[in-house]
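Q: no sequence for this one, just the structure:
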């Protein structure tokens with residue numbers, strides 16, 4: 001194995017980035033892949049609850065990057081999603097930089113098929129560190145003008161680093177039929193794509209069931225439309241041609 005590293009980012013908070021990170025990790029694991037999800041959003045930890053590893057974590061990403069423990073000691077397998085493992089962010093503080101993060105990825109790549117980096121919103125240190133080591137980036141946005149404007153800034157930053165256009169993809173999250181139209185703030189999905197300037201990978205519908213499962217640390221219903229969209233997203237990541245539907 002030699003894991004592909006994908007960063008999951010957003011321009012602003014509240015787009016559901018961590019939920020999408022776990023959804024993608026669980027969907028890739030369901031396809032038979034070994035997945036490591038590394039949470040880099042220090043001080044705003046949530047992946048541990050969503051992935052069901054809350055209370056099982058002894059070490060976090062800060063412990064690893066500062067050299068207080070080996071990466072393997074911080075890895076916690078998800079009891080909810082077989083094949084998905086997590087390294088959590090600290091509850092507070094913690095610096096993230098590219099050099100130690102790259103050392104961690106180098107050590108972990110032989111043991112996983114995918115390594116997902118759940119970055120903090122914006123373009124501070126966690127984003128910069130992830131951008132320096134990830135081969136691909138998923139930009140998770142919601143259909144509102146502020147998120148799209150900030151997403152454009154993030155996309156431009158990612159592409160300015162020399163990353164090919166094909167390596168940056170858009171994930172529209174928390175979408176409903178009322179998100180678009182003449183009376184909505186955004187007319188349609190094409191406006192989202194044109195504003196951000198990157199190709200659309202997935203549309204994840206708004207799902208109270210997914211949000212509730214994440215808050216409780218439980219598995220959402222497999223028939224939930226958001227889960228179905230997550231599975232299609234994972235298949236596209238793996239190179240399968242799955243039509244986009246909404």
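A: Arrived safely, thanks for sending. The shown structure was predicted, so the numbers you read here are calculated from the model rather than taken from an experiment.
Q: for this structure, what spans make up the strands?
A: Using DSSP state E, the strands assigned to the chain run over residues 4-9, 35-39, 76-77, 84-87, 114-118, 136-141, 168-175, 199-205.
Q: just put the ones you listed in a markdown table and tack on mean neighbour count, mean pLDDT and distance to residue 63.
A: C-betas here are computed from N, CA, C, even on glycine. What follows is the strands of the chain, written out as a markdown table (neighbours: other CB atoms under 10 Å; pLDDT from 0 to 100; distance: least, CB to CB, whole Å):
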| stretch | mean neighbour count | mean pLDDT | distance to residue 63 |
| --- | --- | --- | --- |
| strand 4-9 | 24 | 97 | 20 |
| strand 35-39 | 28 | 96 | 13 |
| strand 76-77 | 18 | 96 | 13 |
| strand 84-87 | 27 | 96 | 9 |
| strand 114-118 | 27 | 97 | 17 |
| strand 136-141 | 25 | 97 | 26 |
| strand 168-175 | 23 | 97 | 30 |
| strand 199-205 | 20 | 97 | 32 |
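Q: now those in a markdown table, with distance to residue 107?
A: As requested, those are exported to a markdown table (distance: least, CB to CB, whole Å):
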| stretch | distance to residue 107 |
| --- | --- |
| strand 4-9 | 13 |
| strand 35-39 | 11 |
| strand 76-77 | 17 |
| strand 84-87 | 12 |
| strand 114-118 | 11 |
| strand 136-141 | 20 |
| strand 168-175 | 26 |
| strand 199-205 | 28 |
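Q: nearest to residue 67, out of the ones you listed?
A: Among the strands of the chain, the nearest to residue 67 by CB to CB is strand 84-87 (14.6 Å).
Q: what's in contact with the lowest-mean-pLDDT helix or strand in the chain?
A: Sorting the helices and strands of the chain by mean pLDDT, DSSP states H and E puts helix 61-65 at the bottom, at a mean of 85. With CB atoms under 8 Å, 6 or more residues apart in numbering as the test, helix 61-65 has contacts from 38-40, 42, 68-71, 73-74, 87-90, 93-97, 100-101, 104.
Q: residues contacting residue 5?
A: 105, 109, 114-117, 133-136.
Q: so which of these is the closest to residue 6?
A: residue 136 (4.6 Å).
Q: the closest one reaches residue 7, doesn't it?
A: Yes - Residue 136 is within contact range of residue 7, at 7.4 Å (criterion: CB atoms under 8 Å).
Q: give me the below-cutoff pLDDT ranges for the protein.
A: 1, 42-44, 92-94, 246 (pLDDT under 70).
Q: do a quick rundown of the helices in it.
A: Assigned by DSSP state H, the chain shows helices spanning 17-30, 47-50, 61-65, 71-74, 98-108, 125-133, 145-160, 189-196, 208-216, 225-237.
Q: packing partners of the second one?
A: Packed against helix 47-50 by the contact rule (3 or more CB pairs under 8 Å, 6 or more residues apart in numbering; DSSP states H and E) you find helix 17-30, strand 35-39, helix 208-216.
Q: among the ones you listed, which is nearest residue 49?
A: Of all the helices and strands packed on helix 47-50, helix 208-216 comes closest under CB to CB, at 7.0 Å.
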